[in-house]
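A.B. asks: coords please:
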Amino acid sequence: MTKAEKGNTVRVHYTGKLDDGTVFDTSKDQDPLEFKVGEGQVIPGFESSVEGMTAGETKTVTIPCESAYGPRREELVAEVSRGELPENMELELGQQLQIPEENGHLIVLTIVGLTDETVTLDSNHPLAGKELTFDIELVEICE
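C.D. replies: Down below sits the predicted model:
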């Protein structure tokens, strides 16, 4: 049987869970996720877990944070004055803001603290610092 390897386009179904069993993402009831192995289109630990699988194979893998979204970095948390944000903007804990960079990429910031004078923003990925468990089914190898 053909095994998934670098350069193959694959289609997978997956369910991603946190340590406590909370599902944070799934492809169930959707089209399978399609990506090219070796292109860095998915997190490294997920990609390497698919390598060597055959169509129809399923597995459960646990990916450490270093092979997922990286460790949580406190230097990516900043407190800013409310005056630095638009005056009429409604702010609430957990809200995500998108800020464009000069190169056109968007930085996603999550509001993690609010006072009358300041807003604490976190630009870590929401899954940074977390070990992730994935149930993976390789649906097909397209090439």
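
A.B. asks: and residue 138, what does it touch?
C.D. replies: 4, 10-12, 50, 53-58 (CB atoms under 8 Å, 6 or more residues apart in numbering). All C-beta atoms are positioned from the backbone trio N, CA, C, and that covers glycine.

A.B. asks: quick one: residues contacting residue 24.
C.D. replies: Here residue 24 is in contact with 16-18, 127, 132 (criterion: CB under 8 Å, 6+ apart).

A.B. asks: now do the phi/psi pair for it.
C.D. replies: For residue 24, the backbone dihedrals (degrees, to the nearest 10) come out as phi -100, psi -20.

A.B. asks: now residue 85, nearest residue through space, not along the chain?
C.D. replies: Nearest residue to residue 85 in three dimensions, chain neighbours excluded: residue 119, at 6.3 Å (CB to CB, 6 or more residues apart in numbering).

A.B. asks: what helix or strand is that neighbour on?
C.D. replies: strand 118-122 (DSSP states H and E).

A.B. asks: mark which of the contacts of residue 24 are buried, thanks.
C.D. replies: Neighbour counting with 16 or more other CB atoms under 10 Å marks 16-17, 127, 132 as buried within the contacts of residue 24.

A.B. asks: what is the nearest of these to residue 63?
C.D. replies: residue 132 (4.9 Å; CB to CB).

A.B. asks: and the closest one, bridged to which residues?
C.D. replies: As for beta bridges, residue 132 partners with residue 63 under DSSP bridges.

A.B. asks: please list all residues in contact with it.
C.D. replies: Residue 132 touches 16-18, 24, 43, 45, 62-63, 65, 68, counting by CB under 8 Å, 6+ apart.
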